[in-house]
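Colleague: please work out how this folds:
(one chain, ligands or ions: 1)
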Amino acid sequence: MTAELGADSEVGTLRTVMLHRPGDELRRLTPRNNDQLLFDGVPWVDRAQQEHDAFAELLRSRGVEVLLLADLLTEAMTVSGAARMQGISAAVNERRLGRALARDLAAHLRGVPAPQLASILMAGMTFDELLAAESGEPELPGASLVRRMHHGGDFVIDPLPNLLFTRDSSFWIGNRVAITSLALPARLRETTLTDLIYAFHPRFLGVRRAYESRTAPVEGGDVLLLAPGVVAVGVGERTTPAGAEALARSLFEDGLAHTVLVVPIAQERASMHLDTVCTMVDVDAVVMYPAIQDTLSAFTIHKGDAGVTIRGADPFLEAAADAMGIGKLRVIDTGLDTVTAEREQWDDGNNTLALAPGVVVAYERNVETNARLEASGIEVLRISGSELGSGRGGPRCMSCPVARDSAAMEPVRS
Ligand SMILES: NC(=O)NCCC[C@H](N)C(=O)O
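Modeller: As a prediction, this is how the structure comes out:
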């Protein structure tokens, strides 16, 4: 039986998830480009794939249907010419390539079968690869200065190594999907692929969108569905105040939320998204980086009978419990002492993926944080992430829940 699409919490039983198995786009990372492409180093790709396969297998063994982004992309472009055209036009950047090369590249891509096209859209393409692929194709008139001036190993289409972090480029809320508005150039094109998948893949036909205006940056890692109708949005290195405001307004208009907590976080790499310092592990519990616990605050935007009001900033934990209608949000700390906590926060100890209330997937390396979770009654399913972690993202970042049971009321399933 196919689960009903959508999610209204972080912790309802996970039925369907979208992952991206890291592929050739990771093989593009070099010591010269890894910073710009938002990786801390150059991962061992085969090992990263093994780690990811184990992650996916763990989810399957717990009854979760795993959809792989590359399969969805290929299938969407196989069934739809419009999907192919959309992918090509998003990848061909005339401003960077000039008119002649942009035309040549688009002409070449139009003749590439869907599976290879999907690979190119994800892994990018070098000047040398384009030249080799064009041999045998009719030559178009008009020389390209840009071709002459670039090195063969430069990219005509940039790779997207951060596709691995499917959490950021789309998220579900209620029965709708939001394609986000990513903040940094290295990730911008990712949403053209998620947009295409949700627009053209047969599995998602008829699905409605949330945050359609996408007027300002909002990344999925900053969006936590605290409870049905209650959403927290981190504002820091990625999501902007304008993004949080636009998202809140749009969620209110669509009836997808009544309260949005806007949570300022430090504008630094260690806390690039709200889910790097805090994730939910149960309907009333979070795992949180202790260094920010007492200072984390929230502006509460609420839509009630009297219209939209903004309150705060107030202490986050109190504002969250209040909005969720629970007496207290339980907090489980990262790490042991301040040094261990800082290390485990950096290694995504806070970035857990809940499979059900009180059941989470976590990186095995965060030994102290995992022990604390277990001491608090949370079941911890450990995965290794020595290579996956070099992109600075954990189990939550690497997953986009497509279907979760409602946390408000667990439906009975046949
Ligand atoms: N939600 C997340 O924290 N996602 C991890 C994103 C890591 C990626 N290398 C980035 O810098 O955007």
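Colleague: just the buried residues of stretch 22-42, please?
Modeller: Using 16 or more other C-beta atoms under 10 Å as the test for burial, stretch 22-42 gives 22-23, 25-26, 28-29, 33-34, 37-39, 42. No exception for glycine: its C-beta is placed from N, CA and C like everyone else's.
Colleague: err, stretch 42-55, not the other one
Modeller: Within stretch 42-55, judged by 16+ other C-beta under 10 Å, the buried ones are 42-43, 45, 48-49, 51-52, 55.
Colleague: pLDDT of that stretch, averaged?
Modeller: Across stretch 42-55, the average pLDDT comes to 97.
Colleague: 704 is where my numbering starts, stick with that
Modeller: Noted, 704 is the first residue going forward, which turns the last one into stretch 745-758.
Colleague: any bit of that stretch sitting next to the ligand?
Modeller: No: Stretch 745-758 stays clear of the ligand (C-beta under 6 Å from any ligand atom), getting no nearer than 11.1 Å.
Colleague: quick one on the thing from earlier: and of the buried residues of stretch 745-758, the nearest to the ligand?
Modeller: The nearest member of the buried residues of stretch 745-758 to the ligand, counting by C-beta to the nearest ligand atom, is residue 746 at 11.1 Å.
Colleague: might one say that that closest one is in contact with residue 732?
Modeller: Yes: Residue 746 is within contact range of residue 732, at 6.8 Å (criterion: C-beta atoms under 8 Å).
Colleague: for the stretch 804-953 of the chain, what lies in contact range of the ligand?
Modeller: Residues of the stretch 804-953 of the chain lying near the ligand (C-beta under 6 Å from any ligand atom): 865, 868, 870-871, 890, 924.
Colleague: of those residues, which pair is most distant in space?
Modeller: Between any two of those, the greatest separation by C-beta to C-beta is 11.9 Å, found for 870 and 890.
Colleague: the more surrounded of these two?
Modeller: More crowded of residue 870 and residue 890, by other C-beta atoms under 10 Å: residue 870, with 28 against 21.
Colleague: relative to the ligand, which residue of the stretch 854-1003 of the chain is the closest?
Modeller: Closest approach of the stretch 854-1003 of the chain to the ligand (C-beta to the nearest ligand atom) occurs at residue 924, with a separation of 2.3 Å.
Colleague: what is the neighbour count of that residue?
Modeller: By other C-beta under 10 Å, neighbour count at residue 924 equals 24.
Colleague: read off the pLDDT value for it.
Modeller: 97.
Colleague: what number of residues lie near the nearest residue to it once chain neighbours are set aside?
Modeller: Nearest residue to residue 924, sequence neighbours excluded (C-beta to C-beta, 6 or more residues apart in numbering): residue 976, at 3.0 Å. Residue 976 has 27 neighbours, counted by other C-beta under 10 Å.
Colleague: next one: residue 1067
Modeller: Using other C-beta under 10 Å, residue 1067 has 13 other residues around it.
Colleague: need the pLDDT of it.
Modeller: Listed pLDDT for residue 1067 reads 96.
Colleague: isn't it right up against residue 1089?
Modeller: No: contact status for residue 1067 versus residue 1089: not in contact, 9.3 Å apart, counting by C-beta under 8 Å.
Colleague: wait, what's in contact with the residue lying closest to residue 783 once chain neighbours are set aside?
Modeller: Spatial nearest neighbour of residue 783, chain neighbours left out: residue 903 (4.2 Å); criterion: C-beta to C-beta, 6+ apart. Residues near residue 903 by C-beta atoms under 8 Å, 6 or more residues apart in numbering: 779-780, 782-783, 785-786, 789.
Colleague: residue 867 now?
Modeller: Residue 867 touches 723, 725, 729, 755, 1091, 1094, 1096, 1101, counting by C-beta under 8 Å, 6+ apart.
Colleague: from residue 1057, how far out is it?
Modeller: Distance, residue 867 to residue 1057, using C-beta to C-beta, to the nearest Å: 20 Å.
Colleague: also residue 1031?
Modeller: Distance of residue 1031 to residue 1057, given as C-beta to C-beta: 19 Å.
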